[in-house]
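Asker: Build the 3D model from these lines:
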Amino acid sequence: MEYFTLHINIAILSYSLLTIGAILSIFILLFEKNLTTKILGSLTNNFSLLSMEDFLFKIYWLGFILLSLTLLSGILFSNEIFGTTSTWNHKFIFSIMAWLTYSAMLFGRNQYGWRGKKAVIISLIAFIFLFLAYFGTKFVLEILLK
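Answerer: Presented below is the predicted three-dimensional model:
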């Protein structure tokens, strides 16, 4: 059961960081829009878009590393309990899709300099996959499959 506890703790921390990243991403989109339309007014006057984006990607790197550890510990936990390394269900598939999307976004930022709206939109798509992996399970089991 020690793998289970480790897996749950890492998953909660990873999901929390990536949720904070998604919220900050939405804020950055509003901030960029504010540069031309002045929607948020004095709220964004004290922030630098570059420093916020820098902070955002530090959060994404840490969240991505923890998400990777979550997937690895999930494989270990699955092997310990069920005797198989993975079960191909929607939770596993959406988690892998989220991991691939985050890795593509972080790779694109490092290799091609993706910034701003492009990187933020990709990160929000990755978060939607992650959201479906965690909360979509309950929806599928309770609503669709009853």
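Asker: so what does the lengthiest helix in the chain touch, helix or strand wise?
Answerer: Criterion DSSP state H: the longest helix present in the chain is helix 2-37. On a contact count with 3 or more C-beta pairs under 8 Å, 6 or more residues apart in numbering; DSSP states H and E, helix 2-37 meets helix 49-82, helix 116-139. The C-beta positions use only the backbone N, C-alpha and C, and glycine is treated the same way.
Asker: how about the host helix or strand of Ser103: buried residues?
Answerer: Using DSSP states H and E, Ser103 maps to helix 90-112. By 16 or more other C-beta atoms under 10 Å, the buried positions in helix 90-112 come out as 91-92, 94-95, 97-99, 101-102, 105-106, 109.
Asker: What is the distance between that helix and the centre of its chain?
Answerer: Mean-position distance between helix 90-112 and its chain equals 9 Å (C-alpha atoms, centre = their mean, to the nearest Å).
Asker: try stretch 110-126
Answerer: Distance of stretch 110-126 from the chain centroid (C-alpha atoms, centre = their mean) equals 12 Å.
Asker: Could you do stretch 126-133 as well?
Answerer: That offset, for stretch 126-133, works out to 7 Å (C-alpha atoms, centre = their mean).
Asker: Count the neighbours of the nearest residue to Thr19 once chain neighbours are set aside for me.
Answerer: Leaving aside its chain neighbours, Thr19 sits nearest to Phe127 (7.4 Å; criterion: C-beta to C-beta, 6 or more residues apart in numbering). Counted with other C-beta atoms under 10 Å, residues neighbouring Phe127 total 23.
Asker: For Phe127, list the residues it contacts.
Answerer: 18-19, 21-22, 25, 98 (C-beta atoms under 8 Å, 6 or more residues apart in numbering).
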